[in-house]
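1. Give me the fold of what follows.
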Amino acid sequence: MNSLNQSSSSDLSKSSWPPAPAAWYTVGLLFVAYTFSFVDRFILTLLIEPIKQDFNLSDTGVSLLVGFAFVIFYTFLGIPIGRLADRVNRRNLIVAGITLWSCMTALCGMARGFGSLFVARVGVGVGEAALSPAAYSMIADLFPPKKLGRALSVYTAGAFVGVGLALIVGGLVVQSVISSPDITLPIIGEVRSWQVPFFIVGLPGLLVAALMYTVKEPVRRQQSGDQTRSDNEAVALNEAFGYIRDRAKIYLSHFFGFALLGVSSNVLFVWGPHILVRSFGVPVGEAGATIGLIVLSFGTIGLIAGGSISDRLLKIGYLDNGMRVGIIAALGCIPFALLLPSMNSLFSLLAVFCPLVLFACLGFGSSAAALQQITPNRLRGIVSGCYFFLLNVIGIGLSPSITAVITNYGFKDELMLVNSVSVMAVCSSVLAVFILWRGLKPYREESAIRVDLSE
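-> From the prediction side, this is the model:
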């Protein structure tokens, strides 16, 4: 354990950082991979209505496909895959993950019932579980601390670009094929029209997997305490969890705070198009494209701004920079989420939706960098796995279903969906502010030990 408690500022390898063009090329390709992962993850959200009709499901039932099916193994494999990312070639691990989730997305297009679609969605989650723990670890070995926030925010922007593209492209595809109940595809045969988008977005991911072989595995910038171990000796899980336990207030504040902020963004992405459909009669394809454009523009702006603000705060001496950005983001969400149900025109609703999406995404420009900033190299994969465990259980797995339960059993009216989304966003943002604020002081103290501002 003592080897893991060494000061980062004195122990970091002094070898030069990789050339900027190579580092940014890696980030760019990881950004593309992350974009595809979210396209494949969120394409189903636009297909909720035809799936409900074909499989005779309620909002609650279909929400299990959107959230629970995806995260059930994504979540529990996150920690062991994170540990694997600390031991093996991270690039190859990412290639395997992309290949798996792309194939499983295409298999969603062959589902014949709730059960087979559920299993295919589980497979998508298993594949995607490999990406971010390995990507976070790789990027942290490519950039010094003062530039890490921007680099990780560019990578993370892939999530919101992916959501936006899923809604835009999905909306256009749905609009063009949904009028035909069945479509015959080469080799595959006859499928329902709503299944076609899964093939369109899933199979191109195999090209991204191939392109990942043009990226070199970066040298791990290990701490001197870690270097006393042999290269193939992994940090024991009990040792890793012991390290986290000793800093429980820091890590739990980060994990739960940003997971709750993830609730705000996820309910907007999943249910946003359906608010437009149910409250204002907007066609589903047009609704998806509208929300997709908002996420693509305002979400990406918020994310990049969050990373830049975080880097700027660190440069002027705020060692709790990433956590502060998370608090700003959650505070910004609250007033706009409160206003949502009172908007009685499509224009006014979208006028509130735009800044709400921006603030909901702002915090995720700093969340990844905040985690890497205080975590030793040998533990980054495991710690990232723990973070994604909670982010996905709370932010992705539970939030769509809880929103649906509030709509179906609380308000008992599907037209009250906007009220359910408002309740979820307000409550989660208030809790996020409180939890992140509680972690500021211990995070600042740990960051003072680990961050070398001279780099």
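2. What lies in contact with the host helix or strand of Ser401?
-> Using DSSP states H and E, the element containing Ser401 is helix 399-405. The contact list for helix 399-405 (Cβ atoms under 8 Å, 6 or more residues apart in numbering) reads 58-60, 62-64, 66-68, 262-263, 266-267, 270-271, 417, 420-421, 424, 428. Glycine gets a C-beta too; all of them are placed from N, C-alpha and C.
3. Derive a ChimeraX selection command for the buried subset of those.
-> Entered in ChimeraX, the line below selects the buried ones among these, by 16 or more other Cβ atoms under 10 Å:
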select :59,60,62,63,64,66,67,68,262,263,266,267,270,271,417,420,421,424,428
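4. who's in contact with Ala22?
-> Taking Cβ under 8 Å, 6+ apart as the test, what Ala22 contacts is Lys216.
5. Show me what the mean pLDDT comes to for whichever strand or helix holds it.
-> Per DSSP H and E, Ala22 falls inside helix 20-42. Helix 20-42 shows a mean pLDDT of 91.
6. tell me which residues in that helix are buried?
-> 23-27, 29-42.
7. In helices only, show me the contacts of helix 399-405.
-> Among the contacts of helix 399-405, the ones falling in helices (DSSP state H) are 59-60, 62-63, 262-263, 266-267, 270-271, 417, 420-421, 424, 428.
8. nearest to Leu371, of those residues?
-> Nearest to Leu371 among the ones in helices among the contacts of helix 399-405, counting by Cβ to Cβ, is Gly262 at 13.8 Å.
9. per-residue pLDDT, the nearest residue in space to the closest one that is not next to it in sequence?
-> What sits nearest to Gly262 in space, not counting adjacent residues and going by Cβ to Cβ, 6 or more residues apart in numbering, is Gly395, at 2.7 Å. Note on Gly395: pLDDT of 81.
10. Gly395 contacts Val263, doesn't it?
-> Yes. When contacts are counted by Cβ atoms under 8 Å, Gly395 is listed as touching Val263 (5.3 Å).
11. Now do the strands in the chain.
-> 182-185, 189-192 (DSSP state E).
12. For those, state which one has the densest average packing.
-> Highest mean neighbour count among those (mean count of other Cβ atoms under 10 Å): strand 189-192, with a mean of 14.
13. Least reliable of the strands of the chain by average pLDDT, please.
-> strand 182-185 (a mean of 72).
14. Could you list the alpha-carbon positions for that strand in PDB?
-> Provided in PDB are the C-alpha atoms of strand 182-185 (Å, rounded to 0.1, in the frame of the first residue of the first chain):
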ATOM      1  CA  ASP A 182     -41.300  -4.900 -43.500                       C
ATOM      2  CA  ILE A 183     -38.100  -4.500 -45.500                       C
ATOM      3  CA  THR A 184     -36.100  -7.300 -47.200                       C
ATOM      4  CA  LEU A 185     -32.300  -7.000 -46.800                       C
END
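15. Let me see the contact set for the residue lying closest to Val430 once chain neighbours are set aside.
-> For Val430, ignoring the flanking residues on the chain, the nearest one in space by Cβ to Cβ, 6+ apart is Ile334 at 6.5 Å. Residues counted as contacts of Ile334 (Cβ under 8 Å, 6+ apart) are 426, 429-430, 433.
16. So which of those residues are in helices?
-> Per DSSP H, these map to helices at 426, 429-430, 433.
17. mind putting those in TSV, pLDDT and distance to Leu358 included?
-> Formatted as TSV, those follow (pLDDT from 0 to 100; distance: Cβ to Cβ, whole Å):
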residue	pLDDT	distance to Leu358
Val426	97	17
Ser429	97	13
Val430	97	18
Val433	97	17
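18. Among those residues, which one lies nearest to Leu211?
-> Using Cβ to Cβ, these come closest to Leu211 at Ser429, 37.6 Å.
19. give the contact list for the closest one.
-> 260-261, 264, 330-331, 333-334, 337.
20. Compare the residues you listed and tell me which has the most neighbours.
-> Neighbour counts for the contacts of Ser429, by other Cβ atoms under 10 Å, peak at Leu261, which reaches 33 neighbours.
21. which ones are touching that residue?
-> 326, 329-330, 333, 360, 363-364, 367, 395, 428-429, 432.
22. Can you tell me how far it is from Cys427?
-> Applying Cβ to Cβ, to the nearest Å, the value for Leu261 to Cys427 is 12 Å.
23. Under the pLDDT cut-off, which ranges of the stretch 101-250 of the chain? List them.
-> 174, 176-181, 222-237 (pLDDT under 70).
24. And the helices in it?
-> Remark: helices assigned in the stretch 101-250 of the chain by DSSP state H, counting those that start in this stretch are 114-128, 131-140, 145-177, 196-202, 205-211, 237-246, 248-280.
25. Using TSV, please lay out those together with distance to Gly78.
-> Below are the helices of the stretch 101-250 of the chain laid out as TSV (distance: least, Cβ to Cβ, whole Å):
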stretch	distance to Gly78
helix 114-128	10
helix 131-140	7
helix 145-177	16
helix 196-202	22
helix 205-211	20
helix 237-246	13
helix 248-280	12
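26. Mean neighbour count, the ones you listed: which tops it?
-> Most buried among those, counting by mean count of other Cβ under 10 Å: helix 131-140, with a mean of 27.
27. So which residues make contact with that one?
-> Counting by Cβ under 8 Å, 6+ apart, 26-27, 30, 33-34, 37, 78, 81-82, 85-86, 90-91, 93-94, 97-98, 148, 151-152, 155, 217-218, 221, 368, 371-372, 377, 380-381, 384-385, 388 sit against helix 131-140.
28. how about 6 Å then?
-> 30, 37, 81-82, 85, 90, 93-94, 97, 151-152, 218, 368, 372, 380-381, 384-385 (Cβ atoms under 6 Å, 6 or more residues apart in numbering).
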